[in-house]
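S.K.: What follows is a predicted structure for the sequence shown.
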Amino acid sequence: MMGTMTRLVTASEMQQIDNYTIETIGMPQDVLIERAAMAVLDVIGAGRFDLSHVLVLAGLGNNGADGVAIARLLYAQGVNVSLQFVGNVSRAKDSVKRQLAIIEKHGLVRSEKSDFNEATLIIDAIFGVGLNNVLPEGLQKMIKAANHIDKPVIAVDVPTGIDATTGEVRGAALKAHTTVTFGFTKVGLTQQNGCYLSGNVILKDVGMLVPDDFEFSLQEALPVA
Ligand SMILES: NC(=O)C1=CN([C@@H]2O[C@H](COP(=O)(O)OP(=O)(O)OC[C@H]3O[C@@H](n4cnc5c(N)ncnc54)[C@H](O)[C@@H]3O)[C@@H](O)[C@H]2O)[C@@H](O)CC1
Ligand SMILES: [K+]
């Protein structure tokens, strides 16, 4: 039997769909972030991962905002979670700052530096579809060290370092056991190194809406479970 069919999208198409949902339809961005975080929680909590110590690595954009929300939801469930930022939080997008304001009141304290060896599961929320350049060198080093330790990683939307459109590695990429991708499967998860570095790709609907006259550049459709 055929599963639901979905389209593959480029990073730019996903950004247009996000913008349409938020700016034109008026869906609050924080609702999408919460739904994205809950979708990842579904996967984390499905019993396949050791949750003794979850390390969430968060960037300064909306992918990082998803990460902070994931850390909060885990913390609320009593999971031992460390939240570590990659980059200076003073430069974070407002979506991240709003999430941070919530966790501060909630009691979840950010870690300054985390030991990958202590983590039983790593959540990669550093970069998503917004990646538009080679990763900074310090981050490349950190990613290579994490890949070497070989802990299970769940990538939020796209593994950090993978170009969501081409599947190419931008300097280094954090190898994922599972990638939870939102709305539509990014074509880069099916091509080049993106194909094997994203592990099992799980597509989740988080409420993005598509204009009726939207023209997808890729006609291809993938069956999903
Ligand atoms: N648009 C939205 O409101 C939503 C976005 N979502 C999440 O947000 C992600 C996209 O968020 P953003 O567009 O904020 O982008 P990212 O969070 O992927 O990246 C953040 C920012 O980093 C900068 N950047 C890109 N490449 C860089 C590099 N190599 N070195 C240094 N800085 C770099 C860019 O300015 C980019 O906007 C999605 O993948 C998804 O996880 C979801 O939460 C749903 C709602
Ligand atoms: K990511």
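M.R.: All right, it came through fine. Ligands and ions are numbered 1, 2, ... in the order given.
S.K.: Show me what from the chain comes close to ligand 1.
M.R.: By the rule CB under 6 Å from any ligand atom, the part of the chain lying against ligand 1 is 18, 22, 29, 32-33, 36, 59, 61-64, 66, 93, 127-136, 156-158, 182. For every residue, glycine as well, the C-beta is placed using N, CA and C.
S.K.: Name the helix or strand for A37, please.
M.R.: Taking DSSP states H and E as the criterion, A37 maps to helix 29-44.
S.K.: and the next element down the chain from that helix?
M.R.: Counting by DSSP H and E, the next helix or strand C-terminal to helix 29-44 is strand 54-58.
S.K.: May I have that following strand exported as PDB, CA atoms only?
M.R.: Extracted as PDB, the C-alpha positions of strand 54-58 are listed here (Å, rounded to 0.1, in the frame of the first residue of the first chain):
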ATOM      1  CA  VAL A  54      20.500  14.500  27.100                       C
ATOM      2  CA  LEU A  55      22.800  17.200  25.800                       C
ATOM      3  CA  VAL A  56      21.000  19.900  23.700                       C
ATOM      4  CA  LEU A  57      23.300  22.000  21.500                       C
ATOM      5  CA  ALA A  58      21.500  25.100  20.400                       C
END
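S.K.: for stretch 24-38, which positions count as buried?
M.R.: Residues of stretch 24-38 classed as buried under the neighbour-count rule (16 or more other CB atoms under 10 Å) are 27, 29, 32-37.
S.K.: my bad, stretch 163-178
M.R.: Neighbour-count burial for stretch 163-178, with 16+ other CB under 10 Å as criterion, is recorded at 163-167, 169-170, 172-178.
S.K.: Look up phi and psi at A125.
M.R.: Note on A125: its backbone torsions stand at phi -120, psi 40 [degrees, to the nearest 10].
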